[in-house]
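# quick one: sequence and predicted model below, then my questions.
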Amino acid sequence: MSKGRRTPSAAEVELWRTVMRDAVPLRTARLGKAQALAQAAPTPAPQPPPPPGPVAKAPAKAPPPFNVAERMAQLLAAVPVKEKAAVTLNLAPAPLGPKSGIDKRTDEKVRRGKLPVDGRIDLHGMTQGEAHDALLGFVRRSHDQGRRLLLVITGKGGAPRGEGILRSAVPRWLNEAAFKSLVLAIHQAQPHHGGGGAYYVFLRRRR
């Protein structure tokens, strides 16, 4: 009886395959180990996208430059003013000059301070309402007494361009209806009578 190779049974073949299924040939072990491990590693599950973060806000804009005029108006509006009458503050040029009913020669004498002053009033330290009432009463009494040339002292004040509140307001008050029927001319006083801080007020004759 000759000795030949025995054919492995089906059970032996399956056992061999089971044992050798994880074996790696020696000549490729070093080169393919990393690849084999990478293939054998489980694929990580996809991660959900991160939640949306807060929307970035646009940088705040720089504030506009300071306006001297508007600021002054705001400060003036915030300052309480005691008034006895409705008074409007306006720093525009004052309406000076002659009214109807005065001749040119007389008006020139008034403007140049050549006529004697019959009465004067000093409005320093008064509020606008107080000054308005005091001036109206003074002009009415002076007219009733037959006075002609009045000197109204306001002071130059400390506002821009040397214009004080009363210095700017008095000429406008003298052009109101309550004064207009009594006044013939308004001029800035000459330096010896106060200059820019006073006015000549020339009254109509008493009828």
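Sure thing, it's come through. Residues are numbered from 1 along each chain as shown.
# count of neighbours near R148?
Residues within reach of R148, counting by other CB atoms under 10 Å, total 20. For the C-beta atoms, the positions are set from N, CA and C on the backbone; glycine is no exception.
# which stretches of the protein aren't confidently modelled?
For the chain, applying pLDDT under 70 flags the ranges 1-6, 11-95, 157-163.
# next secondary structure element downstream of the lengthiest helix in it?
Longest helix in the chain, counting residues (DSSP state H): helix 128-144. Next along the chain after helix 128-144, taking DSSP states H and E as the criterion, comes strand 149-153.
# so where do the helices sit in the protein?
Under the criterion DSSP H, helices of the chain are mapped to 10-20, 26-40, 68-78, 104-111, 128-144, 165-173, 177-180.
# which elements pack onto the shortest one?
In terms of contacts (3 or more CB pairs under 8 Å, 6 or more residues apart in numbering; DSSP states H and E), helix 177-180 is packed against helix 128-144.
# so how far is K156 from I165?
Plainly put, I165 is 11 Å away from K156 if you go by CB to CB, to the nearest Å.
# same thing with R105?
30 Å.
# neighbour count winner among the two?
K156 (15 against 7).
# now the more buried one: how far from A169?
Distance check for K156 against A169: by CB to CB, it reads 13 Å.
# what's the answer for G146, then?
G146 sits 27 Å away from A169, going by CB to CB.
# and what of K99?
In this view, K99 and A169 are 18 Å apart by CB to CB.
# higher neighbour count, the two?
Neighbour comparison, K99 and A169: the larger count goes to A169, with 23 against 15 (by other CB under 10 Å).
# hang on, the more buried one packs against T127?
No: look at A169 against T127 with CB atoms under 8 Å: they stay out of range, at 11.0 Å.
# show me the contacts for D122.
I153 (CB atoms under 8 Å, 6 or more residues apart in numbering).
# repeat the analysis, applying 10 Å as the threshold.
134, 151-155, 194, 198 (CB atoms under 10 Å, 6 or more residues apart in numbering).
# now do E108
E108 makes contacts with 98, 114, 187, as judged by CB under 10 Å, 6+ apart.
# what does S100 give?
S100 makes contacts with L184, as judged by CB under 10 Å, 6+ apart.
# ok, it to L184 distance?
Taking CB to CB, one finds S100 at 8 Å from L184.
# please apply the same query to D122.
Note on D122: its distance to L184, by CB to CB, is 22 Å.
# do the same with L174
To L184, L174 is 11 Å away according to CB to CB.
# the two: which is more packed in?
Neighbours per residue (other CB under 10 Å) separate L174 from L184, with L174 holding more: 24 against 19.
# list phi and psi for the more buried one.
Main-chain dihedrals, L174, degrees, to the nearest 10: phi -70, psi -10.
# now do the contacts for it.
Residues in contact with L174, defined by CB under 10 Å, 6+ apart, are 94-96, 99, 135-136, 139, 152, 180, 182-183, 185-186, 199, 201.
# for stretch 182-190, buried residues please.
Counting neighbours by 16 or more other CB atoms under 10 Å, one finds that the buried residues in stretch 182-190 are 182-189.
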